[in-house]
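From the sequence below, what's the structure:
(2 chains)
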There are 2 protein chains.
Amino acid sequence: MKVRIMVRLKPGVLDPQGRAVHHALEGLGFDGVEDVRIGRMIEMDVADGTSDDDLDRMCRQLLANMVIEDYAIEKIGAEEPA
Amino acid sequence: MKVRIMVRLKPGVLDPQGRAVHHALEGLGFDGVEDVRIGRMIEMDVADGTSDDDLDRMCRQLLANMVIEDYAIEKIGAEEPA
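Model (predicted):
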């Protein structure tokens, strides 16, 4: 089973990396960019029997820093669009 | 317009960060994880008129390292599922 975990900074937490990218895009002449936030995407191949609970615990114990980050778990089936 | 850009290492490119996470998950007792790959997720708020071509150029010029990384652009409408 393929699982994608998105880890993003909580709203309100300063994102200096995003600001730097925003600034760089403007420097390259791309106008109209209003906000940039950068997160992590973790793609895992896990055994089919892995429970949602296990995935949740992986996020809380290791993959996300719950103080400043949120996570979202997406299961990607064989019918993945792209 | 909200846009999400996923940047991931090309297949075959070694992912030491993913390996470290894989190892750590096993150390925490999570069995059944077969593979872990880590990528970046860039979420941007861009002006509605921004063309696909512009987004493509942002990726190629700044957001992704085309030698070792692939990117995918997803537009997130107001009807975002989550």
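
Show me where chain A has its helices.
Taking DSSP state H as the criterion, chain A contains helices spanning A:16-27, A:52-58.

can those helices go into CSV with extra columns for mean neighbour count and mean pLDDT?
All C-beta atoms are positioned from the backbone trio N, CA, C, and that covers glycine. As requested, the helices of chain A are arranged in CSV below (neighbours: other Cβ atoms under 10 Å in any protein chain shown; pLDDT from 0 to 100):
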stretch, mean neighbour count, mean pLDDT
helix A:16-27, 15, 97
helix A:52-58, 16, 96
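
Now do the contacts for residue A:62.
When contacts are counted by Cβ atoms under 8 Å, 6 or more residues apart in numbering or on different chains, residue A:62 is found next to B:21, B:24, B:25, B:28.

gap between the residue lying farthest from the centre of chain A and residue B:61?
Within chain A, residue A:29 marks the point farthest from the mean C-alpha position, 26.8 Å out by Cα atoms, centre = their mean. Computed as Cβ to Cβ, to the nearest Å, the residue A:29 to residue B:61 distance reads 10 Å.

the longest strand in chain A is where?
Among the elements of chain A assigned as strand by DSSP state E, the one spanning the most residues is strand A:33-46.
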